[in-house]
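Asker: turn this into a model:
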Amino acid sequence: MQIRVSGFLVREVLVGILKSINYGNKTRCAKLGYKFFVWSGQQETYRHTANSYHLIMKIFAECEEYKAMWRLVDEMIENGFPTTARTFNILICTCGEAGLARNVVERFIKSKTFNYRPFKHSYNAILHTLIAVNQYKLIEWVYQQMLAEGFAPDTLTYNILMFAKYRLGKLDQFHRLLDEMGRCGFSPDFHTYNILLHVLGKGDKPLAALNLLNHMKAVGLNPGVLHFTTLIDGLSRAGNLDACKYFFDEMMKNGCVPDVVCYTVIITGFIVAGELEKAQEIFDEMIVKGQLPNVFTYNSMIRGYCMAGKFEEACSMLKEMEARGCNPNFVVYSTLVSHLRSAGRLSEAHEVIRNMVDKGQYVHLVPKIKRFRRC
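Answerer: Numbers count the residues shown, from 1 in each chain. As a prediction, the model looks like this:
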């Protein structure tokens with residue numbers, strides 16, 4: 001039977017290979033993915049696209065076949081496909097060292113085939129990717145190159161740079177950029193306000209945050225769930241749970257329905273503060289209101305039960321999340337195991353690990369769980 005190769009088929013096969021990659025099969029997946037990529041590209045009814053190149057590049061990246069990945073970039077350009085912000089994102093994520101990351105940036109700045117749309121210019125496309133991978137110091141360098149080349153910043157540029165300055169602890173430069181933004185005629189947008197709320201929350205300044213929310217309404221920008229979540233997250237990290245609850249209630253008064261991320265943020269805040277009962281109350285509320293907990297919500301609750309010495313409840317919650325179709329990640333397993341061991345409940349800790357291994361999950365990470373012995 002003749003197989004008709006289509007874009008859909010190629011995508012499904014490559015995505016399937018990408019999802020199946022694990023510690024033990026990296027070499028095989030890289031070879032299989034590339035063999036299929038070459039074969040499909042030779043079929044008369046099909047021609048590769050930028051998306052198919054990006055998928056095989058992702059497979060090589062996950063399999064740590066970096067030289068092969070870079071050869072694909074060259075092949076992609078030779079075949080007439082411009083590199084995009086997506087290409088840059090795949091490449092920059094493989095660069096652990098700052099020096100390597102800078103080399104990638106320089107290549108894209110100089111590239112004549114870099115399709116940076118929908119961004120205003122190539123520098124904004126690069127900056128936008130760098131903020132997503134926490135390359136804050138590199139953002140400063142790229143910004144200086146941008147100014148040297150005569151490109152003017154816009155609202156997006158200012159937002160990225162301000163967040164980078166904040167994360168680097170350069171608050172004086174953060175405030176100077178905010179003032180400069182206004183002087184240059186750029187009004188704050190939703191993202192600018194989100195950054196400001198993040199700063200005020202972590203700085204434990206609820207009154208200033210309330211004034212900012214009111215100012216947003218006054219200028220016609222109604223705060224959304226994201227803004228309240230950002231603020232609540234900052235305040236919880238600052239330990240101000242009373243303010244967290246106030247803004248959580250205020251959010252609902254404003255017609256904003258909390259999503260799973262918002263619920264998880266406030267639940268985590270109460271868990272960290274040792275207020276398990278309050279966290280349980282909010283956890284039950286979110287389920288009643290139709291918000292299904294995610295892996296991070298469950299991890300916070302399991303940690304809370306362990307901190308309170310309620311290990312039966314913690315183990316029961318692990319089973320509950322699996323029953324609801326929410327697969328535990330390695331953090332969930334290691335959280336539960338470490339607390340069980342600290343409490344001297346070694347047989348229960350080994351049982352959790354055994355169940356994890358029996359399901360074929362995170363087997364290659366088992367050595368990271370200290371003192372594990374296969375019983």
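Asker: C-alpha from now on. contacts and neighbour counts both.
Answerer: Fine.
Asker: can you give me the strands for the stretch 101-250 of the chain?
Answerer: Assigned by DSSP state E, counting those that start in this stretch, the stretch 101-250 of the chain shows strands spanning 114-115.
Asker: in this protein, which residue is closest to the centre?
Answerer: Ala132 (7.5 Å; C-alpha atoms, centre = their mean).
Asker: that one and Ile160, how far apart?
Answerer: 10 Å (C-alpha to C-alpha, to the nearest Å).
Asker: ok, now Gly182?
Answerer: Here the criterion is C-alpha to C-alpha. By it, Gly182 lies 15 Å from Ile160.
Asker: cool, and Glu75?
Answerer: According to C-alpha to C-alpha, Glu75 and Ile160 sit 32 Å apart.
Asker: so for these two, which sits in the more crowded spot?
Answerer: Ile160 (24 against 13; other C-alpha atoms under 10 Å).
Asker: can you give me the separation between that one and Tyr46?
Answerer: With distances taken as C-alpha to C-alpha, Ile160 is found 40 Å from Tyr46.
Asker: over to Val261?
Answerer: Per C-alpha to C-alpha, Val261 is found 41 Å from Tyr46.
Asker: more crowded one of the two?
Answerer: In this comparison of Val261 against Tyr46, neighbours counted by other C-alpha under 10 Å, the higher total goes to Val261 at 19 against 14.
Asker: what packs against the helix or strand encompassing the more buried one?
Answerer: Here Val261 is covered by helix 260-272, with elements defined by DSSP states H and E. Other elements packing on helix 260-272 under the criterion 3 or more C-alpha pairs under 8 Å, 6 or more residues apart in numbering; DSSP states H and E are helix 225-237, helix 241-253, helix 276-288, helix 295-307.
Asker: same list, those, but as CSV with mean neighbour count please.
Answerer: CSV is the format used below for those (neighbours: other C-alpha atoms under 10 Å):
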stretch, mean neighbour count
helix 225-237, 24
helix 241-253, 16
helix 276-288, 16
helix 295-307, 22
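Asker: so, low pLDDT: which residues of the protein?
Answerer: Within the chain, the ranges that satisfy pLDDT under 70 run 1-2, 96-99, 361, 363-366, 368-375.
Asker: export the longest helix along it as PDB, just CAs?
Answerer: Criterion DSSP state H: the longest helix present in the chain is helix 26-41. What follows is helix 26-41, C-alpha atoms only, in PDB (Å, rounded to 0.1, in the frame of the first residue of the first chain):
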ATOM      1  CA  LYS A  26      18.000   9.500  22.900                       C
ATOM      2  CA  THR A  27      20.300   8.100  20.300                       C
ATOM      3  CA  ARG A  28      17.700   5.800  18.700                       C
ATOM      4  CA  CYS A  29      15.100   8.700  18.600                       C
ATOM      5  CA  ALA A  30      17.500  11.100  17.000                       C
ATOM      6  CA  LYS A  31      18.400   8.500  14.300                       C
ATOM      7  CA  LEU A  32      14.700   7.500  13.800                       C
ATOM      8  CA  GLY A  33      13.500  11.100  13.600                       C
ATOM      9  CA  TYR A  34      16.200  12.100  11.100                       C
ATOM     10  CA  LYS A  35      15.700   9.000   8.900                       C
ATOM     11  CA  PHE A  36      12.000   9.700   8.700                       C
ATOM     12  CA  PHE A  37      12.700  13.400   8.000                       C
ATOM     13  CA  VAL A  38      15.000  12.600   5.100                       C
ATOM     14  CA  TRP A  39      12.700   9.900   3.700                       C
ATOM     15  CA  SER A  40       9.500  12.100   3.800                       C
ATOM     16  CA  GLY A  41      11.400  14.900   2.200                       C
END
